[in-house]
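>>> I would like to see how this sequence folds:
(chains A, B and C, ligands or ions: 4)
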Amino acid sequence: MTDVNLVTPAIPVPDVIEGRSLWQDAWRRLLRNRAALASLIILGVIAFLSIFGPYALAWSYDQIDWDHVEAVPPSLALKHYLGTDSVGRDLLARTLFGGRVSLTVGLLATGVALFIGVTVGAVSGYLGGKVDQVLMRFVDLMYSVPLTFFVIILMVLFGRNFILMFLAIGSVEWLTMARIVRGQTLTLKHREFMEAARASGGSTVSILLRHVVPNVLGVVIVYVTLTIPQVILLESFLSFLGLGVQEPMTSWGVLINEGAAELEITPRTLIVPAIFMTATLFCFNFLGDGLRDALDPKDR
Amino acid sequence: MPSTRKTADVAGSDTVLDIQGLTVRFETADGEVQAVSDLSLTVAKGECLGIVGESGSGKSQTFMATLGLLADNGRATGKVMFGDADLLTANEATLNSIRGNRAAMVFQDHMTSLTPHMKVGRQLTEVLQRHRGLDAKAALDAVIAMLRRVQIPEPERRAEMYPHELSGGLRQRVMIAMGLLCHPELLIADEPTTALDVTVQALILDLIRDVKDSDNTAVILITHDLGVVAGLADRVAVMYAGRVVELGDVNQIFSEPQHPYTQGLLACSPRLDDALGGKLKTIPGQPPNLQRLPPGCAFAPRCPYVIAACAERPPLRPAAGGGLKACVRDDLASITKAAS
Amino acid sequence: MTAPLLQAPLLQVRDLKVHFPVKTGGLLIGRYQPLHAVDGVSFDLAPGETLGIVGESGCGKSTLGRAVLQLLPATSGAVIWLGQEMTGLSAKEIKAARENMQIVFQDPLASLDPRMTAGDIIAEPLRNYHPELSRAETARRVAELMEQVGLLPGMINRYPHEFSGGQCQRIGIARAMILKPKLVICDEPVSALDVSVRAQVINLLKDLQKAFGLAMLFISHDLAVVRHISDRVLVLYLGKVMELAPRDLLYQAPRHPYTRALMSAVPIPDPALERAKPRIILTGDLPSPLNPPSGCVFRTRCPKATDICAQVEPVRESPAPGHDVWCHHSRD
Ligand SMILES: Nc1ncnc2c1ncn2[C@@H]1O[C@H](COP(=O)(O)OP(=O)(O)OP(=O)(O)O)[C@@H](O)[C@H]1O
Ligand code: SF4
Ligand code: SF4
Ligand SMILES: [Mg+2]
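Ligands and ions are numbered 1, 2, ... in the order given. You can find the predicted model right below:
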């Protein structure tokens, strides 16, 4: 077949090449994106501080400095590096500990939403017919149940439980995710490459994993970056209602709520947790954008 | 009467469109794309100029630039004379008074060039009311007459339909009718039959031929189908990578093509009447990337006759047979004879 | 040319019908009406043979190809693969049969997953049917095939959009060939390609067919291309077979008025011939497959139609061995 060898490569091609997958390529592209890389590092630092910081500090998050039961300004001598809140608890310790709660809730609840939403949306859109009808009616039904009502029912059934809360949030947030994924899958389904996948003997599961999921991921990730902040805020709302974390446990949302009340007396009780939270949200946004671009091979 | 027509490209008294040194550039994220490079062409009254070339060779963009229809990221330089007006420097008002009136374009994609939510009759009468100032009744009569002329059965009923209710062939005829409503001096048909079936294509081509012959309209027929050009064109310009590589009388182009690309193109098109058995002839390689054009002859990477001199860009110059070609070699005829 | 059916047929299609329910009428009181996409098609295909399927857009060519592959359910009729009836097989059995029947699609880029590398795309059928193969062995077979279809093995990590249309089609062809199937259905494989690349891909298909001993169903609206690659040709109109004949007979002595009209409408790239040749002009448009004409479906555009054509559906006539025509007036 000599006369069919008509490749004139514009880019020189090395002789032996290891096959790479989309994921390896995406990772490489992500690391090349400065904003995304910086965000990844900052998020890493915040997570590290939230996890290990509380152990390194002299004061724990629920420990009241009985010598100063009032808002202490930042002081190295007392080891209150960012001061205390109005009842004399160390602000830095509380903020870092709050980060643990907020990040865990944000990531886990979004993870739950992501997993259920993508699975239900992709299956529903790809299989269509009865399965689709049943699943989507269920989604509609869930939409009509108010979140607080849903959480209260869960609490009544299982008792007050920290883990329950993000399960609850996650199981509400997946609804929109499922709808988005289903819509995307429906348009994908009619693309020729899906038919090609069936013709090459792909089973439903392998088609969903190999073709549907990677192709909806770009949109999904953007939605995820919007969901994480939403979940973090929702948590503070639930806590405010007394359904979330309870004193002396805390979270960024709770801290910001408390800080806002004392804005005029001690603005730092608002500013410190707010900075942590905004930095985190910004980073998630940049990271999301970076991931979306990284997952799109057309974007080099 | 192709023999009496000039093949070399000089503007004469009956020239309708005169393109001189047209260059079209697009700004894109990956840098500048030069879609058309230093292109010169003329078309005369009652003449059909065929433009052939592969996808991306700049056929469409040449005439989009001519009518001021380039995308926002595109810039055209050079000169395009239509009557006394230079269309490249003309303002939008002048262009609007020319487009759809004195110069009409029928597009490749006939689905998207009709407004979907408007009855076809309305879309057509609007053209007449705008350009010719006819009242609604007179416009409708003229439209029905034109639809009948392009052989649309039951024109009164079709005028009341929406574009999606018509078949592809009918829609394309509506587009042509729309182009012809104001009796333009120039009709540019960009792949008018590519999306159609052969039996319908034959009808559309007959229609264009009739317009050219009876109205003395200048027609520019853009296509990648050599057979379509053979049936309709008087002169043919072959484009490659944004340049005209050969220009000549239709008979000469098909019987004695001078440029290696034209020769390759003719040799590799399967026909209903060629010898069977063995393989089709091919042109090796693929059309070039306009962002990375080789400095010399753009066809050089695929050309079987390439020599050192091809590293310099060959200008369009007179060739045997009376046409023009952009190739440095004049000894191809003897080589091909020796080979066969 | 393979003489028709000296060997046991690979594929037999018997009176195959594919009807799609289409909603007509108003939004609320609409009803479903069958669209006759493929309406009683029968043919045989011998091993190693190429059957060309021609017809205008919307005549059911692609539907026929997909129904043979069981990508679409048939309404009635039979698809018999290696002596085994395919309709009514379980998903598992269909999957097993498909290992030997693959397809090449019309739109080279759209038929490749934009988020998979060329290497992964070509390897996909192997992964589905032979998950037991080692990574290295899969990679070796992919590289070997890439070379055979004229791609550099070093291109495995590129994504579809980084290839030209012709190269994308080579990837699609490689994917169809990697299982060394017995039958490949080519659905307009060169229509979207440039003239200069089209010939390369046609030659490639012919070479691969010879190398692997494949049978092909070559679906196309381009009669000149079909002539170059087919042993026999089937002409389809509104889901029905009009004429089925060995290639040379069909192109030299077409019997059906529709085949003749089609042939006469194909432009010839030669000004003298093209302008002088007699043409049969068909008036009118393709009727809607929602309510095809009575009797002979071609009668609304047929220059030879008479009264009987509207009343009686033509039956098969065989003017020569292996040459079948469905027309009341094929002998005039
Ligand atoms: N808006 C744009 N931005 C960037 N590049 C463009 C733009 N429009 C067209 N081009 C490029 O200009 C070149 C010439 O395009 P053109 O449409 O004239 O080709 P053509 O010969 O008509 O091809 P076809 O046969 O596919 O219609 C192509 O490479 C095309 O990608
Ligand atoms: S200039 Fe050279 S490379 Fe270009 S067509 Fe002529 S011979 Fe070939
Ligand atoms: S049966 Fe009648 S209508 Fe049909 S093709 Fe023959 S002559 Fe024409
Ligand atoms: Mg074009």
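
>>> which helix is the longest one in the chain?
Let's take chain A. Longest helix of chain A, by residue count under DSSP state H: helix A:91-127.

>>> hmm, no, I was thinking of chain B.
From DSSP H, the single longest helix across chain B is helix B:198-215.

>>> in the longest helix of chain A, what's buried?
A:91-110, A:112-114, A:116-126 (16 or more other C-beta atoms under 10 Å in any protein chain shown). Placement of C-beta: from N, CA and C, glycine included.

>>> against which helices or strands is that helix packed?
Packing contacts for helix A:91-127, counted by 3 or more C-beta pairs under 8 Å, 6 or more residues apart in numbering or on different chains; DSSP states H and E, involve helix A:34-56, helix A:129-144, helix A:162-189, helix A:204-207, helix A:213-240, helix A:252-261, helix A:268-295.

>>> how many neighbouring residues does residue 167 have?
Using chain A. 16 (other C-beta atoms under 10 Å in any protein chain shown).

>>> that was the other one, I meant chain B.
16.

>>> and residue B:205, by the same measure?
That count, for residue B:205 with other C-beta under 10 Å as the rule, works out to 21.

>>> hang on, it packs against residue B:193?
Yes. Look at residue B:205 against residue B:193 with C-beta atoms under 8 Å: they come within range, at 6.6 Å.

>>> spatially nearest residue to residue 94 (excluding sequence neighbours)?
Picked chain A for this. In space, residue A:94 comes closest to residue A:61 once its chain neighbours are excluded; the distance is 4.8 Å by C-beta to C-beta, 6 or more residues apart in numbering or on different chains.

>>> wait, chain B
That would be residue B:85: by C-beta to C-beta, 6+ apart, it lies 6.1 Å from residue B:94.

>>> same deal with residue A:50?
residue A:99 (3.4 Å).

>>> okay, the one you found: pLDDT?
Listed pLDDT for residue A:99 reads 87.

>>> ok, it - contacts?
By C-beta atoms under 8 Å, 6 or more residues apart in numbering or on different chains, the residues touching residue A:99 are A:46-47, A:49-50, A:252, A:276, A:280.

>>> ok, back up a step: give me the neighbour count for the residue nearest to residue B:94.
15.

>>> from chain A, how far off is it?
Using C-beta to the nearest C-beta, to the nearest Å, residue B:85 is found at 41 Å from chain A.

>>> before we move on, back to that, give me the distance from the longest helix of chain B to the chain's centre.
The chain centroid and the centroid of helix B:198-215 are separated by 15 Å, computed with C-alpha atoms, centre = their mean, to the nearest Å.

>>> and it, does that touch ligand 3?
No. Between helix B:198-215 and ligand 3, judged by C-beta under 6 Å from any ligand atom, nothing touches; the nearest distance is 13.8 Å.

>>> pull the CA atoms of that helix into CSV?
Taking C-alpha atoms only, helix B:198-215 is exported to CSV below (Å, rounded to 0.1, in the frame of the first residue of the first chain):
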residue,chain,number,x,y,z
VAL,B,198,-28.5,14.8,-9.2
THR,B,199,-31.9,14.8,-10.7
VAL,B,200,-32.8,18.1,-9.0
GLN,B,201,-29.3,19.5,-9.7
ALA,B,202,-30.0,19.1,-13.4
LEU,B,203,-33.1,21.3,-13.2
ILE,B,204,-31.3,24.0,-11.2
LEU,B,205,-28.4,24.1,-13.7
ASP,B,206,-30.8,24.4,-16.6
LEU,B,207,-32.4,27.3,-14.8
ILE,B,208,-29.1,29.1,-14.3
ARG,B,209,-28.1,28.5,-17.9
ASP,B,210,-31.4,30.0,-19.0
VAL,B,211,-30.9,33.1,-16.9
LYS,B,212,-27.4,33.6,-18.3
ASP,B,213,-28.5,33.2,-21.9
SER,B,214,-31.8,35.0,-22.0
ASP,B,215,-31.2,37.9,-19.5
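
>>> quick one: buried residues of it?
So for helix B:198-215, counting by 16+ other C-beta under 10 Å, buried means B:198-205, B:207-208, B:211-212, B:215.

>>> nearest to ligand 2, out of the helices and strands packed on helix A:91-127?
Ranking those by proximity to ligand 2 (C-beta to the nearest ligand atom) places helix A:268-295 first, at 40.1 Å.

>>> could you list the low-pLDDT ranges of the chain?
Here I'm looking at chain A. A:1-17, A:19, A:69, A:71-72, A:160-162, A:299-300 (pLDDT under 70).

>>> correction: the question concerned chain C.
For chain C, counting by pLDDT under 70, the residues that fall below are C:1-7, C:24-30.

>>> that one: strands as residue ranges?
In chain C, the strands defined using DSSP state E lie at C:11-24, C:31-45, C:50-54, C:76-81, C:84-85, C:101-104, C:183-187, C:215-220, C:232-237, C:240-246, C:316-320, C:323-326.

>>> where does the residue nearest to residue A:94 land in three-state SS?
Following DSSP: H, G, I helix; E, B strand; the rest coil, the label given to residue A:61 is coil.

>>> quick one on the thing from earlier: mind putting the strands of chain C in TSV, distance to residue A:202 and mean neighbour count included?
TSV is the format used below for those (distance: least, C-beta to C-beta, whole Å; neighbours: other C-beta atoms under 10 Å in any protein chain shown):
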stretch	distance to residue A:202	mean neighbour count
strand C:11-24	23	17
strand C:31-45	25	19
strand C:50-54	26	26
strand C:76-81	20	18
strand C:84-85	22	11
strand C:101-104	13	26
strand C:183-187	17	25
strand C:215-220	22	25
strand C:232-237	29	26
strand C:240-246	32	24
strand C:316-320	39	13
strand C:323-326	37	22
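
>>> done for today, thanks.
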